[in-house]
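Enquirer: sharing a sequence plus its predicted fold:
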Amino acid sequence: MNYRELFKERLILLRTEKKLNQTELANELNVSKAIISKYEKGAASPSYEMLWKLANFFDVSVDYLIGKSNSFNGDPILNHEISEIIAIYDTLSDEEKKYAFKILKSFS
């Protein structure tokens, strides 16, 4: 998977986790909905300035947004734990992933 694909997937994930639609995210960032749509379709790449805005808005690193890192922030202990969780999650079947996600959600 290339960086544009990872960016696209992560942007959609972060936006939906915040329960925002494309228009609401666009308003938060002072851009058009069309720009957000293009990012999410992989039809356009954000500028450096926009990457910083997105990272700040979602409280993640630019490296995470572009797929260079699987960690949300710079905490090495947390990064290691997240990497372990991702490695375990990737080995699960679709049904097991759904079950694991339900278990994790029960802690919030």
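Expert: All right, it came through fine.

Enquirer: now do the strands in the chain.
Expert: Ranges of strands in the chain, per DSSP state E: none exist.

Enquirer: can you give me the helices for it?
Expert: In the chain, the helices defined using DSSP state H lie at 3-17, 22-29, 33-41, 48-58, 62-66, 76-90, 94-106.

Enquirer: need the winner for burial among these.
Expert: Mean neighbour count (mean count of other Cβ atoms under 10 Å) peaks for helix 62-66 among the helices of the chain, with a mean of 18. Every C-beta, even on glycine, is put in place using the N, C-alpha and C of the backbone.

Enquirer: low-confidence stretches in the protein?
Expert: Along the chain, segments meeting pLDDT under 70 span 1, 70-80.

Enquirer: care to break it down by domain?
Expert: Per the record, the chain has its domains at 3-66, 76-106, by automatic domain parsing.

Enquirer: could you work out the end-to-end span of the longest one for me?
Expert: End-to-end distance of domain 3-66: 6 Å, with Cα to Cα, to the nearest Å as the criterion.

Enquirer: cool, stretch 41-54 as well?
Expert: The first and final residues of stretch 41-54 sit 16 Å from each other (Cα to Cα).

Enquirer: same check on stretch 24-35?
Expert: 12 Å.

Enquirer: same question for stretch 64-81.
Expert: By Cα to Cα, the extent of stretch 64-81 from end to end equals 15 Å.

Enquirer: now do stretch 32-52
Expert: Terminal residues of stretch 32-52 lie 17 Å apart, using Cα to Cα.

Enquirer: chain center to it: distance?
Expert: Distance of stretch 32-52 from its chain centroid, counting by Cα atoms, centre = their mean, to the nearest Å, is 14 Å.

Enquirer: give me the contact list for it.
Expert: 4-5, 7-8, 11-12, 15, 22-23, 25-26, 29, 31, 54, 62, 65-66 (Cβ atoms under 8 Å, 6 or more residues apart in numbering).

Enquirer: swap the cut-off to 10 Å and go again
Expert: Contact with stretch 32-52 is made by 2-5, 7-9, 11-12, 15, 20-29, 31, 53-54, 61-63, 65-66, as judged by Cβ atoms under 10 Å, 6 or more residues apart in numbering.
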